[in-house]
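Novice: sequence? don't have it. structure:
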C-alpha cells in the first residue's frame, strides 16, 4: 500500500514540475500590453574606446526577434549579411563577425524588432550607441519625405533616407549608404550620431529590402548638391518619384512578315519616323516597345529611315537605319479597335477610338449614332478627325445631339468592314460604344478657384475618384480656374507646374540632377480631405490649391504653426535657373 501511495505521489510531482516548466499566458485576467523592459546591455549605451565583437541584451521577460535584418538599422553601414541575430529566452545576442572602423560612432536602432513572445508587444525607441574612438559623434540630419504622387492611403512605408560620403563613388542604386534611417508613416526622418563630413543625400522606397534603390520599379529622390555636416541640419525635404534610368537603346531590328520591326529597350514617351514616303506609302505604330514600320509599295528591298525616340527621363535616340520589306505569305495582324465607351456627355458626344494599326479609310455609310429602337444620326467626315495625322492610330468622333432628343443612352455604331487599315484589313465585327446624356437635375453649376502660385504655365486637371482625367485646362496667363456645368459627382483637383512648357508632366533624372516638375493637389485642411463633393445645382467657389515643397533644404527662424504659414514663410523664390534645370 505504501508503495502504491509513493508511486501516485511521484506521478503528481512530475506533472506539477512539467506544468511549471511550460511557458504559457495566464488563464483569464487582463491582456498583457506592456512591452519588454531592458534589464542590461553589453556594451553599455554611449560607451567609448570599445570594439565589440558581439552585443548582448537582457530583458525582464521572454522575447523574440521580428525580421531583424530589415528592422534593425545599423549606421554607419556594416556588412549585414555577416551579422548573426539570435533571441533565446529573455536574451538577444548579436554577433558582428567583422572588424569595426576606428574612431567611429555606431548606432543600432532596433525599431520594433524586439517583441515579447506572448502578445508581440514591441520595445519602442530603443537604441544602442557606442564609439570605437574616444568620443560620441553627435551631429544630426533630419527632415521629411513625400511622394510627388501620394499613395491612396497617404501613409509612407518602407522609405529609407541615406547619407553617402561624397568621396565615395557609390550611390543609392549601387550599394547601401554610410548612414541610414527609416521614415515614419508621415515621412519624417532623423539620422543621428553623424561624423562631421560632406555627404550626398538620397531617399527611396525600399520595397524589396535591399537597402538600395531599384530605379526601374521603386520611387526615389535626391538633393542635387552634397551637404556639409558641420552642425545639425534640419528641414530637408525630398520628393520621391519614379524615373526609369535604364539605357534607351535599340535591342534589335528585323523583318516580320512584310513589315519591319524595331524593338526598343523600353517604351518611349515620344517617337518619330522620318521618311519621304511618310503618310503616303510608309506608316508606323507603337505597341509597348515594338515600333512597327509598314510600307505598301516596297518589297524585296530596303529603304533608309531616320528614327527619333525619347523616353520619360529625357534619354534620346536619333539614328538612321535601313528598313527591309519582304514579300510574305504570313497572315496579317487583325485590326483591333478600342473606344471610351461608357462616358457621359452634356450636348456633344466625344467618342475616342484607338486602333492597333494605322488606319487607311473609314466607310461613313456604316458609321452612325443609334438611339431608341430605330432612330439614327449619320456621322459625316466633318465629325471625325485624327489626333495625329501621321500616326493615324487614334481618331475622335464629335457630334452634337439635338435638344429635341431626350433619350438617355446613345450608341455610336460601326458595322463590320467600316474601318480599313493600311494593310487593307477591315474590322471583322461590329463596334458599339455607348454614351449617357446627362440630365439637367444631375448637373452642378460648377467649381472654381485658384492655384496659389505665380508660376506659369499650369496644367489644371479635374479628376474622378479613380484618378482619371475628366477635363484639363492649360493656364498660361492666370492662376484662376473654373469648370462649368459638370456632372454632380465626387472630384479631385491636380495642378502640374509645366516648367519646361511642353504641356505634360516630366519626371526627374538623377544623372542630370534634374528634379521632377511640381504637382499640387487640392486638400481641404478643415475636413482633412482631398475630395470635392458636388451635388446637382451646387456651385463651389474659392477653392485653393496650395503649393507643396520642392526638394531642398528649408531654413526657418521660427516654428511654423500650420501648412498655410509654412507655405508663406518657407516656399522658395522661383528663379529662371529653377525653370532651366527642369528642362529635359
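Specialist: Looks like it came in fine. In this text the structure is predicted, and so the values were computed from the model without any measurement.

Novice: start and end of stretch 517-524, how far apart?
Specialist: Stretch 517-524 has an end-to-end distance of 23 Å (CA to CA, to the nearest Å).

Novice: swap in stretch 33-47?
Specialist: In stretch 33-47, first residue to last residue: 32 Å (CA to CA).

Novice: how far off centre is that stretch?
Specialist: 39 Å (CA atoms, centre = their mean, to the nearest Å).

Novice: average pLDDT for it?
Specialist: What stretch 33-47 shows for mean pLDDT is 94.

Novice: list the buried ones in it?
Specialist: Buried positions in stretch 33-47, judged by neighbour count with 16 or more other CB atoms under 10 Å: 35-36, 38, 41, 43, 47. From N, CA and C alone the C-beta is placed, and that goes for glycine too.

Novice: wait, which of these is closest to residue 329?
Specialist: For the buried residues of stretch 33-47, the closest approach to residue 329 (CB to CB) belongs to residue 35, at 74.2 Å.

Novice: tell me, how many residues neighbour the closest residue to residue 548 other than its chain neighbours?
Specialist: Leaving aside its chain neighbours, residue 548 sits nearest to residue 520 (5.6 Å; criterion: CB to CB, 6 or more residues apart in numbering). By the criterion of other CB atoms under 10 Å, residue 520 has 19 neighbours.

Novice: same check on residue 459?
Specialist: Residue crowding around residue 459 was assessed by other CB under 10 Å; the count is 19.

Novice: spit out the contact partners of it.
Specialist: Shown in contact with residue 459 (CB atoms under 8 Å, 6 or more residues apart in numbering): 472-475, 495-496, 498, 503-505.

Novice: just residue 237 next, same as before
Specialist: Contacts of residue 237 (CB under 8 Å, 6+ apart): 143-146, 549-554.

Novice: helix/strand/coil for it?
Specialist: Using DSSP: H, G, I helix; E, B strand; the rest coil, the structure places residue 237 in strand.

Novice: numbering from 32 from now on, please.
Specialist: From this message on, residue numbering opens at 32, which makes the last subject residue 268.

Novice: quick check: closest non-adjacent residue to it.
Specialist: Leaving out its chain neighbours, the residue that sits closest to residue 268 by CB to CB, 6+ apart is residue 580, at 4.5 Å.

Novice: residue 158: neighbouring residues, count only.
Specialist: 14.

Novice: what's the residue nearest to it when sequence neighbours are not counted sitting at in phi/psi?
Specialist: Spatially, and ignoring its direct neighbours in sequence, residue 158 is nearest to residue 140 (5.3 Å; CB to CB, 6+ apart). Per-residue torsions, residue 140: phi -100, psi 110 (degrees, to the nearest 10).

Novice: what are the bridge partners for residue 140, then?
Specialist: For residue 140, the beta-bridge partners are residue 104, residue 158 (DSSP bridges).

Novice: wait, it sits on residue 103?
Specialist: Yes. At 7.0 Å, residue 140 and residue 103 qualify as touching, with contact defined as CB atoms under 8 Å.

Novice: can you name every helix or strand that the host helix or strand of residue 480 contacts?
Specialist: Residue 480 belongs to strand 474-482 when assigned by DSSP states H and E. In this structure, strand 474-482 makes packing contacts with strand 511-518, strand 521-528, strand 570-576, judged by 3 or more CB pairs under 8 Å, 6 or more residues apart in numbering; DSSP states H and E.

Novice: how's this protein carved up into domains?
Specialist: By the record's domain assignment, the chain is partitioned as 69-162, 170-265, 281-356, 368-468, 474-612 (automatic domain parsing).

Novice: who does the helix or strand harbouring the residue nearest to residue 579 pair up with?
Specialist: According to DSSP H and E, residue 551 maps onto strand 550-552. Sheet pairing for strand 550-552, assigned by DSSP bridges, gives strand 521-528 (antiparallel).

Novice: how far off strand 570-576 does the strand it pairs with point, in degrees?
Specialist: Strand 521-528 runs at 40 degrees relative to strand 570-576, counting by axes from the mean of the first three to the mean of the last three CA atoms, to 10 degrees.

Novice: got the buried residues for strand 521-528?
Specialist: 522-528.

Novice: all helices of this protein, in order?
Specialist: Taking DSSP state H, the helices of the chain run over residues 33-52, 99-102, 594-601, 607-612.

Novice: which of these comes out lowest on mean pLDDT?
Specialist: Among the helices of the chain, helix 607-612 scores lowest, with a mean of 31.

Novice: how much space between residue 75 and residue 99?
Specialist: As judged by CB to CB, to the nearest Å, residue 75 and residue 99 stand 21 Å apart.

Novice: sorry, wrong one. I was asking about residue 169.
Specialist: Residue 169 sits 26 Å away from residue 99, going by CB to CB.

Novice: same question for residue 199.
Specialist: 26 Å.

Novice: look at the two and report which has more neighbours.
Specialist: Between residue 199 and residue 99, counted using other CB under 10 Å, the more crowded position is residue 99 (19 against 13).

Novice: need the contact list for that one.
Specialist: 116, 144.

Novice: and the nearest residue to residue 455 once chain neighbours are set aside, what pLDDT?
Specialist: If the residues on either side of it in the chain are set aside, residue 455 comes closest to residue 391, at 7.2 Å by CB to CB, 6+ apart. With respect to pLDDT, residue 391 has a value of 96.

Novice: what's around residue 391, how many residues?
Specialist: There are 16 residues near residue 391, going by other CB under 10 Å.

Novice: for it, list the residues it contacts.
Specialist: By CB under 8 Å, 6+ apart, the contact set of residue 391 is 451-453, 455.

Novice: swap in 10 Å and give it another go.
Specialist: Contacts for residue 391 were tallied using CB atoms under 10 Å, 6 or more residues apart in numbering; they are 314, 327, 423, 450-457.

Novice: do residue 457 as well
Specialist: By CB under 10 Å, 6+ apart, the neighbours of residue 457 are 365-366, 391-392, 394, 447-451.

Novice: distance from the strand holding residue 551 to the middle of the chain?
Specialist: Here strand 550-552 is found 14 Å from its chain centre; the criterion is CA atoms, centre = their mean.

Novice: what's in contact with that strand?
Specialist: Strand 550-552 is contacted from outside by 178-181, 270, 272, 482-484, 489-492, 494, 523-528, 536, 561, 576-579, using CB under 10 Å, 6+ apart.

Novice: and for residue 140 and residue 103, which residues touch both?
Specialist: With CB under 10 Å, 6+ apart, residue 140 and residue 103 have common neighbours residue 159.

Novice: the nearest residue to residue 111 once chain neighbours are set aside: what's it in contact with?
Specialist: With CB to CB, 6+ apart as the criterion, residue 111 has its nearest non-adjacent residue at 6.2 Å, and that residue is residue 100. Residue 100 sits next to 111-112, 114, 116, 144, 240, 242 when contact means CB under 10 Å, 6+ apart.

Novice: for the residue nearest to residue 515 when sequence neighbours are not counted, what are its contacts?
Specialist: Nearest residue to residue 515 in three dimensions, chain neighbours excluded: residue 477, at 4.2 Å (CB to CB, 6+ apart). Contact analysis of residue 477 by CB under 10 Å, 6+ apart lists 513-517, 565, 569-572.

Novice: and residue 477, how far from residue 499?
Specialist: Residue 477 sits 19 Å away from residue 499, going by CB to CB.

Novice: residue 427 now?
Specialist: Residue 427 is 17 Å from residue 499, by CB to CB.

Novice: could you do residue 393 as well?
Specialist: Going from residue 393 to residue 499 by CB to CB gives 27 Å.

Novice: again, but for residue 91
Specialist: Counting by CB to CB, the separation of residue 91 from residue 499 is 55 Å.

Novice: so for these two, which sits in the more crowded spot?
Specialist: A side-by-side neighbour count of residue 91 and residue 499, using other CB under 10 Å, places residue 91 first with 12 against 9.

Novice: for the closest residue to that one other than its chain neighbours, what are phi and psi?
Specialist: Among residues not flanking residue 91 along the chain, residue 68 sits closest, at 4.6 Å (CB to CB, 6+ apart). Torsion angles at residue 68 (phi, psi; degrees, to the nearest 10) stand at phi -110, psi 140.
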